[in-house]
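> Please find the sequence and the predicted model below.
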Amino acid sequence: MVMKKAIKILAVTILSALFITAAHFSAVQIRTNADWYPDDALTEETAVQSALNTPPAVIADVTSADILESLKSGDKPVQAILTIGADGRVKGADGEDICDLSVALDEYLQKTILPVFRVDDSSADILLNWFKTDRRITDASVSSSSPEAVKKIKTVYPALRGIVEFDESADIKKAAATANAACAQICILPESAASYDAVRYVQARFKTVWVRAEKNDRISIKNCVASGCFGVIAEDVSLSCATLKEYAGGIVRTPYNVAHRGLPNKYNENSVSGTLAAIRAGATHVELDCYLTQDNEIAFMHDANLARTSTGSGNIEDYTSAQLENFRLKQFTDEKIPLLEDIGGALEGSGVVLVLEIKSAKTDVAHILAEKLGKDNLAFLKDYLTVISFDRNQLLEMKEALPEIPTADLGGKSSDDLQTILTRSGQYNCGVDYNFNAIDKTTNARLISRGFIPWTWTYSGEVTIISGLESGIPAMTNNDADALTALPEKVTVANEQSSVPAVGAPVKLVVTEYGGEEKIAEGKATEVADLGDGRYEVLAEYDPSEYYLSSMLYTQKQTVTVEKKKSGCGSAIGGIPLALTLLPVYLSESKRKFTK
């Protein structure tokens, strides 16, 4: 058994290294609109060197002249946020004048730092005019707390990336929809709203989260990093970079477990039974394929031809939904070909996101989907739905019919250059979901620098999937979602500790597995702050070797207390040991458990 586990660990380690050092594929030069991307458009940014697998980008918020000046030397951020005033000049936190926008770009960012233009409803038109009269910049982003301002600029210049800034009062569950409707790829959250669960919720919907640190200290920055976000915004760039360099390795987020066609090696593809099994196995998403029947029902099947996976024959779109009732799925168990209502019923209440791949070439799928989501029995799905397709016309239809539903381009099996991917994203308002062999490590890193999370497909086999987890792959569409069932999805510091926490000392953690099981584990405190009144703020790291994993995991900060020690007869009731008083209860519960 030990030898078997050792071989497994070695295989995972080798595959992880292959993932991290993937060969650079040749670039395919495609231009859909030459005006969007001049040949010299891309900034040559430099990401901070961190031992973390897939670390977040460092973002500078230029709120003063001193911060702008600091960009000339030392560690550089990947992006810098420039606030545009009503006069078109760069402004500080209190509205003070910093410099001309062109000066900020030419003398300080110098095409080595990606610019983010922050606007409000009044300065959006000023920026639009600046683009028309001064220069054309496309490898940049526009940011605002006003989704309308972002959409206004994106409508004229779709190549620019969009960012919507939220405050702590915002409904995080609506953040992805709000951003998508504004043609924005990135959501900025304040640290106070950026729990691991909140960030994971938003990023599960093809949107990238950047988190704004509340303080310029290591605890705040580490807390942002451990949220699993892909960008940390802070005023002190040097401190952000230094903090990221402290990590000895590991990952700060576990991958989304996207069940490809359900659990296709054990259950019928694109079936209710496979969907339910994937949910039980701990899938975060279920990816299913759909077509449109003759009577405009959304039916699920991978192949257009019914023969491989069902008792039917011919093209699925040549039948009505009533006619499909005559056929049965046949790979494993006998069951019906499901419609959207059937899959919706399986997903409701699970918290699992449906990744709907539109296989149909019919252009009214998105509009029919919109009608169905307006009905009471499927209304919940608006918050648990993303759409993908190889057919980019479907992405355009989604943009019109359901602008709040995030989408992703499935790309292809061959490598695309960065400009091509960025162009498509701007044109179709979509994320990226590519074959994992199609995009090299460098392009992945540059996509992350620009606010994109690379989703990848299709992984098969336990060793390959676990290797992807260890390598920091953000999202894995895979054929064996149950390979992750008993592995850690999240690690948190326990609210109550047995002793006063100290840096380097053991701390009690709670490990939540993909399948939902929670276990108590031991970690090591990396940061501790005494808050007084017996309360401590703790961040920790976790060595998951008990799961035969080698990549360190990290927690966000948690306010903890120290449990009080019992003394004297505090553990007895009336001189009778507490254990004896609970014995009848235990026996009763045991009997109930084993006689079900």
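Arrived safely.
> Just the endpoints, please. Distance across stretch 366-382?
One end of stretch 366-382 sits 13 Å from the other (CA to CA, to the nearest Å).
> which other residues reach it?
177, 292, 296, 298, 340-341, 344-345, 347-348, 354, 356, 358, 385, 387, 394, 397-398, 400-402, 404-405 (CB atoms under 8 Å, 6 or more residues apart in numbering). (C-beta placed from N, C-alpha, C; glycine too.)
> likewise stretch 333-352?
Taking CB under 8 Å, 6+ apart as the rule, stretch 333-352 contacts 267-268, 270-273, 275-276, 278-279, 283-286, 288, 290, 297-301, 306, 310, 312, 316, 321, 324-325, 327-329, 354, 369, 372, 377-378, 380-381, 384.
> In helices, which of these fall?
Mapping these onto helices (DSSP state H) picks out 272-273, 275-276, 278-279, 321, 324, 369, 372.
> Now rank those by neighbours and give me the top one.
Each of the ones in helices among the contacts of stretch 333-352 was scored for neighbours by other CB atoms under 10 Å, and A278 scores highest at 31 neighbours.
> ok, that one to E541 distance?
To E541, A278 is 31 Å away according to CB to CB, to the nearest Å.
> try N435
For N435 relative to E541 (CB to CB), the value is 33 Å.
> Which one's more surrounded, these two?
Shown here are N435 and E541; by other CB under 10 Å, E541 has more neighbours (20 against 16).
> Check which element follows the helix or strand where that one lies along the chain.
Secondary structure from DSSP states H and E places E541 in strand 535-542. Reading on from strand 535-542 to the C-terminus, the next helix or strand found by DSSP H and E is strand 553-554.
> tell me the mean pLDDT over that following strand?
Confidence for strand 553-554, expressed as mean pLDDT, is 99.
> contacting residues around the closest residue to E246 other than its chain neighbours?
Once flanking residues are discounted, E246 sits nearest to R218: 7.9 Å by CB to CB, 6 or more residues apart in numbering. Contacts of R218 were listed using CB under 8 Å, 6+ apart, and they are 239, 243, 246, 527.
> Return a PyMOL selection command for the buried portion of those residues.
Remark: buried members of these, expressed as a PyMOL selection using 16 or more other CB atoms under 10 Å:
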select buried, resi 239+243+527
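> Now tabulate the contacts of R218 in a markdown table and tack on secondary structure.
Output for those, formatted as a markdown table (DSSP: H, G, I helix; E, B strand; the rest coil):
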| residue | secondary structure |
| --- | --- |
| L239 | helix |
| T243 | helix |
| E246 | helix |
| E527 | strand |
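> how about the contacts of R218 in CSV, adding pLDDT and distance to Y536?
Shown next, in CSV, are the contacts of R218 (pLDDT from 0 to 100; distance: CB to CB, whole Å):
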residue, pLDDT, distance to Y536
L239, 97, 22
T243, 98, 20
E246, 96, 20
E527, 98, 10
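> could you dump the contacts of R218 to TSV with distance to G95?
Converted to TSV, those look like this (distance: CB to CB, whole Å):
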residue	distance to G95
L239	25
T243	30
E246	36
E527	35
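> can you name the two of the contacts of R218 that are farthest apart?
L239 and E527 (13.6 Å; CB to CB).
> which stretches of the stretch 401-550 of the chain have low pLDDT?
The model of the stretch 401-550 of the chain has pLDDT under 70 over residues 412-415.
> where exactly do the helices run in it?
418-428, 441-449, 462-470 (DSSP state H, counting those that start in this stretch).
> still on that earlier bit, and the contacts of R218, which is closest to K362?
T243 (51.0 Å).
> Report the contact partners of the nearest residue to E517 once chain neighbours are set aside.
Excluding the flanking residues, the one nearest E517 by CB to CB, 6+ apart is A486, at 7.3 Å. Neighbour list for A486: 513-515, 517, 547 [criterion: CB under 8 Å, 6+ apart].
> give me phi/psi at the residue positioned nearest the centre of the chain?
Nearest to the geometric centre of the chain sits Q203, at 3.0 Å (CA atoms, centre = their mean). Backbone dihedrals for Q203, given as degrees, to the nearest 10, come out at phi -70, psi -20.
> Correct me if wrong: it contacts I453.
Yes - here Q203 lies in contact with I453, judged by CB atoms under 8 Å, at a distance of 6.1 Å.
> Overlap of the contact sets of those two?
230, 474.
> gap between stretch 144-151 and the chain center?
Going by CA atoms, centre = their mean, to the nearest Å, the spacing between the C-alpha centre of stretch 144-151 and its chain's C-alpha centre is 22 Å.
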